[in-house]
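> Prediction below, plus the sequence it came from.
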Number of protein chains: 4
Amino acid sequence: MNVKDLVKDDKYLDLDDANHPANLICELCKLFYDKDWVTGTGGGISIRDENDKNLVYIAPSGIQKEKLQPWEMFVVQLSDEKVLRTPNETDSQLTKNYKYKPSACTPLFLSCYKFRDAGACIHTHSQNAVMCTLLWEDKVEFTINNIEQIKAIPKLKLNESTGKVEKIGSLENFETLVIPIIDNVPHEEDLTPTLDEAIKNYPGATAVLVRRHGIYVWGETIWKAKVYNEAIDYLLELAVKMKLHGIPTIKE
Amino acid sequence: MNVKDLVKDDKYLDLDDANHPANLICELCKLFYDKDWVTGTGGGISIRDENDKNLVYIAPSGIQKEKLQPWEMFVVQLSDEKVLRTPNETDSQLTKNYKYKPSACTPLFLSCYKFRDAGACIHTHSQNAVMCTLLWEDKVEFTINNIEQIKAIPKLKLNESTGKVEKIGSLENFETLVIPIIDNVPHEEDLTPTLDEAIKNYPGATAVLVRRHGIYVWGETIWKAKVYNEAIDYLLELAVKMKLHGIPTIKE
Amino acid sequence: MNVKDLVKDDKYLDLDDANHPANLICELCKLFYDKDWVTGTGGGISIRDENDKNLVYIAPSGIQKEKLQPWEMFVVQLSDEKVLRTPNETDSQLTKNYKYKPSACTPLFLSCYKFRDAGACIHTHSQNAVMCTLLWEDKVEFTINNIEQIKAIPKLKLNESTGKVEKIGSLENFETLVIPIIDNVPHEEDLTPTLDEAIKNYPGATAVLVRRHGIYVWGETIWKAKVYNEAIDYLLELAVKMKLHGIPTIKE
Amino acid sequence: MNVKDLVKDDKYLDLDDANHPANLICELCKLFYDKDWVTGTGGGISIRDENDKNLVYIAPSGIQKEKLQPWEMFVVQLSDEKVLRTPNETDSQLTKNYKYKPSACTPLFLSCYKFRDAGACIHTHSQNAVMCTLLWEDKVEFTINNIEQIKAIPKLKLNESTGKVEKIGSLENFETLVIPIIDNVPHEEDLTPTLDEAIKNYPGATAVLVRRHGIYVWGETIWKAKVYNEAIDYLLELAVKMKLHGIPTIKE
């Protein structure tokens, strides 16, 4: 079985290009598994095609993320949410007739693309994220300031004239990072209205925490989204430690 | 010494097939060692042959799990518990005349196959598992609810007409995951009656915690068992952190 | 695209020599990323050329440290701080016209070279470092004694006649390691005067902690700096644990 | 430079045999570095030659353990402590004229060989070990019982007629593991008399903790020593967590 031969006519794949969205999703899912962010099939990644911004690649649901293969991706057309490619049409030598479903996060990923013009969106079940939503149980925002790593987070502003959120730089280390926390619901797709509302109400946010669940982080490109996700997780991990030692995360 | 030549007549081995049970046990023991679940020769894995469900592969006792080789496996016939293959018959160039014993967990693994028709069974000494049995010292059940990762755990139900436990879906995130805790005994094989009782009394369970010892997790296939084990360990790790911060694991 | 061909005329690079400063910076940034010291583009490394001590290699600002490539380095002439090489002049097939900036730590690295004749300087956002600056919030020094690992830290002394700080051996395990803590500022380059002052006031120090930010560690060579950084981080990690358990870090 | 050619006449090396003591020390130092047991040049390993029990291989002092190479080993003759091989005689293309010193642990390693007929001895600066000596600050013994992993520790008994300590099996999980704790001293070699005393006073021990320093673990072979070290570190790690949660390590 020659894998390349089996997918050579698939216009949504290019196994030889390490920067192809389908390949990058696999590379990063493996990295995130090693960081314990997507164990037990949790979490997911979606990347928008840089050459055709109407196409988004989405990892399938319920698959071991560290074992993901490029031909297991869904491709959705952003304009009408039409599924252009499903892994179920891939040669069965590669998929063993497994019945794939798109990630339950799909509508949430699409919100990030539509309302923020994101280039990629990352969803993890990071324990630091879950712990912060528990430690901020009665709050609708996680906040932290005066930590250097805050500088890695983008400073975003709503452009009133265009109605679009624009990146105007990075946060300063003394500024307060605010991440909205929305409550979890039984079915992931039902998070969409509250996520949409949080995205709208927090034009400065590049992430949303989901209580007792995890976090969504997006960015202009997959590499920006990865860096934002790393920097935010660093801050969430630090916040959990600060709480344990009785140190407030906000310094006046 | 050509390893493949030395085992080429062994019908229970196939070094070239990555999905062969003997090879998968080695791959996963290495992964579990890196996660600190089977250090110091602790823990073990057993996999049932998908093509002949009467055959189960079992890792040997007392061997460094991360260094396990396919030819070190025992193969047991499920119907009569007859040992069909022992590593002691392998060419001594490979085994150096080491005297292998089957895992002390063997009777426990066999219980999972018999009473639950499992496809694989994982046993680890995970510190998260041990800590939860200590933090729930006076309880016979570990319980947690309202965490997203619970969705990765199967929903099981006793079919009264067949007397068999069947998978009817997955737990909802708001449902309560219940894992029975049984007390440890001096000799691992003597855990069998209490494990059997827990398996019988908890038809909804896909795992049993052993106090001051570790955990047994089983599933329909080795990959399902791996995913359940990862998701459960994630929840046990989170539970230990929640306890430390004074957060209850059950939310009414 | 043949990478070696594209940089073969660059006199500041030698892809074949593993010990070349540009290559070592990449190797160590990958290692430090795996240790969670430079995630989210945080931190940086600078190495002085052993063969021409007037040249220092500096990682660029804002790049994912684990993905750094040798041709992305800046080279600065120590005597006049003139930039001799910028990655912006590298073939655009390698850099994709990304506009590089030298690390914001550059003036701080240069201070270590000038005032201490360092051979290399490491800057990380280690959470152990940040936590110690928070746990020692009202102190201007972090101190610990009577731990064996302290022996890995150099014993330094100001030579009054030459005005230079000289290494006279290693600390004893019963001696007190003192690391000055300076307060963070909005712009990293503005740390220079306080860092310079700390370097001057603490001739015995081979590191400076920056509150709510991280740590700077330097040494005679990159390998010495790496060992000092590891030993100090070990002590900072231990100190956080000691604090949590109510154990003082100073034993009279 | 062909490495094999440069050491081909060295009768104490065999780069092709993965199980050669000099090669095993390198392999395990790398593993232990990844486990944070020997960072910052801390710790060390010594292995006795199985074919000539009068020869012991010892890692050098002050070298980054994860970068150790086979030709950097010292070889000592046990009967008279004569140094048979020093890395200082290795071709300078490999050692760059670095002046090697044998590990400061050498006399301690030799004690384990002489008084316990050990096959290998491991010394680490494990933070779990150091923390337990701090949490048991006013005690001369660390004790834990009723944990399954205790079964990996050997049961040793003094044979009164021969005066030798013999392995008579393994500890039961309900038995109490006792590890003596000796106080640290300024110079590692000065630990010898107290280590010797602890070895003599605790015939059941296969390890000695050194307060505010680390641990020494030995075994019949390097693999046994490795397994004992892993199992003990697992128990020390668990003990630190139990202390934090207020759970006693001894259950009556």
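Happy to help now that I have it.
> Just read off the phi/psi values of the residue of the stretch 151-252 of chain A found nearest chain C.
Scanning the stretch 151-252 of chain A for proximity to chain C using Cβ to the nearest Cβ identifies A:Ala231 as nearest, at 3.4 Å. Every residue, glycine included, has its C-beta placed from N, CA and C. Phi and psi for A:Ala231, reported as degrees, to the nearest 10, are phi -70, psi -40.
> and what of A:Trp218?
Residue torsions, per degrees, to the nearest 10, at A:Trp218 are phi -130, psi 170.
> Bridge partners for it, pull those for me.
With DSSP bridges applied, the residues forming beta bridges to A:Trp218 are A:Cys121.
> Next, count neighbours for it.
The local packing of A:Trp218 (other Cβ atoms under 10 Å in any protein chain shown) involves 29 other residues.
> so how far is chain D from it?
33 Å (Cβ to the nearest Cβ, to the nearest Å).
> thought that residue was touching A:Cys121?
Yes - in this structure, A:Trp218 sits in contact with A:Cys121. The criterion is Cβ atoms under 8 Å, and the distance is 4.3 Å.
> Tell me the spacing between the closest residue to A:His20 other than its chain neighbours and chain D.
Leaving aside its sequence neighbours, A:His20 sits nearest to A:Asp14 (Cβ to Cβ, 6 or more residues apart in numbering or on different chains; 4.6 Å). The gap separating A:Asp14 from chain D is 35 Å, by Cβ to the nearest Cβ.
> so which strand or helix has A:Asp14?
According to DSSP states H and E, A:Asp14 maps onto no helix or strand at all.
> close enough to count as contact, it and A:Lys8?
No - using Cβ under 8 Å, A:Asp14 is not in contact with A:Lys8; the gap is 9.8 Å.
> Excluding sequence neighbours, find me the nearest residue to the residue of the stretch 101-250 of chain A found nearest chain B.
Relative to chain B, the nearest point of the stretch 101-250 of chain A is A:His213 (3.8 Å; Cβ to the nearest Cβ). Computed as Cβ to Cβ, 6+ apart, the closest residue to A:His213 that is not its neighbour in sequence is B:Glu148, at 3.8 Å.
> if we can go back for a sec, compute the number of surrounding residues for the residue of the stretch 101-250 of chain A closest to chain B.
Residues within reach of A:His213, counting by other Cβ under 10 Å, total 25.
> Would you confirm that it contacts A:Val130?
Yes - taking Cβ under 8 Å as the definition, A:His213 is a contact partner of A:Val130 at 6.8 Å.
> Go through stretch A:31-51 and flag the buried ones.
For stretch A:31-51, a neighbour-count test (16 or more other Cβ atoms under 10 Å in any protein chain shown) marks A:32-33, A:36-49 as buried.
> Which of those residues sits closest to A:Asn201?
A:Ser46 (22.5 Å; Cβ to Cβ).
> Tell me who's in contact with that closest one.
Neighbour list for A:Ser46: A:Ile25, A:Val56, A:Tyr57, A:Ile58, A:Ala59, A:Ser103, A:Cys105, A:Thr106, A:Phe109, A:Ala120, A:Cys121 [criterion: Cβ atoms under 8 Å, 6 or more residues apart in numbering or on different chains].
> of these, closest to B:Asn173?
For B:Asn173, the nearest member of these is A:Cys105. The distance, counting by Cβ to Cβ, is 14.0 Å.
> Surely that closest one and A:Gly44 touch.
Yes - the pair A:Cys105 and A:Gly44 passes the contact test of Cβ under 8 Å, sitting 5.1 Å apart.
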